[in-house]
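S.K.: Predicted coordinates and the sequence they were generated for:
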Amino acid sequence: MAPPRPLDALDARILQLLLERPRTSVREYARVLGVARGTLQARLDRMERDGLIGDPVPRLSFGALGHPVLAFVHIEVTQGHLVEVGDALAEIPEIIEAFSVTGGGDLLTRVVARDNGHLEDVIQRLIRLPGVVRTRTDVALRERVPYRAGPLVASLRRAAGDSG
């Protein structure tokens, strides 16, 4: 895999605009940025091809969907069973993300639940998966920094020499 190409100032401005106005048309983005629509489309196509941006997916509120409990479940897996456990996690709808990690476990999952009893049911389901040795659960009390990419993009924009 080739190393990522450094962002130039226009790339960074495009990313910032995508974050600030995700539902805007390409034509409007081009107008705001002061570039030709074809130039903008070529940049967007390259960013997508390079994996920098993906298909836009709405950011859902799991609380509004009736699943206000958020927990991070660390899973320790028997050696050699990481793939099978990962595949099994994908079958549990309450698991909204899972990562292989270093440190105090092999997998880290982000789990949503209707209430604490439902969370316990999900954890019990995890414990019964073949290859799972043990779990440790951290329940989130309050979101302190919501998902964001803007500050990083602003930093990259400054690094690319764009002060505007």
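M.R.: Happy to help now that I have it.

S.K.: Report the residue ranges of every domain in the protein.
M.R.: Domain segmentation of the chain under automatic domain parsing yields 9-58, 69-139.

S.K.: Kindly present those domains as CSV, with separate columns for mean neighbour count and mean pLDDT.
M.R.: Every residue, glycine included, has its C-beta placed from N, CA and C. As requested, these are exported to CSV (neighbours: other C-beta atoms under 10 Å; pLDDT from 0 to 100):
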stretch, mean neighbour count, mean pLDDT
domain 9-58, 14, 91
domain 69-139, 15, 97
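
S.K.: Looking at these, spot the one closest to L152.
M.R.: Of all those, domain 9-58 sits nearest to L152, with 9.3 Å by C-beta to C-beta.

S.K.: check contacts around A160.
M.R.: Taking C-beta atoms under 8 Å, 6 or more residues apart in numbering as the criterion, A160 is in contact with 6-9, 11-12.

S.K.: Grab the nearest non-local neighbour of the residue with the largest distance to the centre of the chain.
M.R.: Distance from the C-alpha centroid of the chain, by C-alpha atoms, centre = their mean, peaks at A36 (30.7 Å). Of all residues not flanking A36 in the chain, A30 sits nearest, at 6.4 Å (C-beta to C-beta, 6 or more residues apart in numbering).

S.K.: re the thing from before, can I get the domains of the chain in TSV including distance to L156?
M.R.: Shown next, in TSV, are the domains of the chain (distance: least, C-beta to C-beta, whole Å):
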stretch	distance to L156
domain 9-58	5
domain 69-139	23
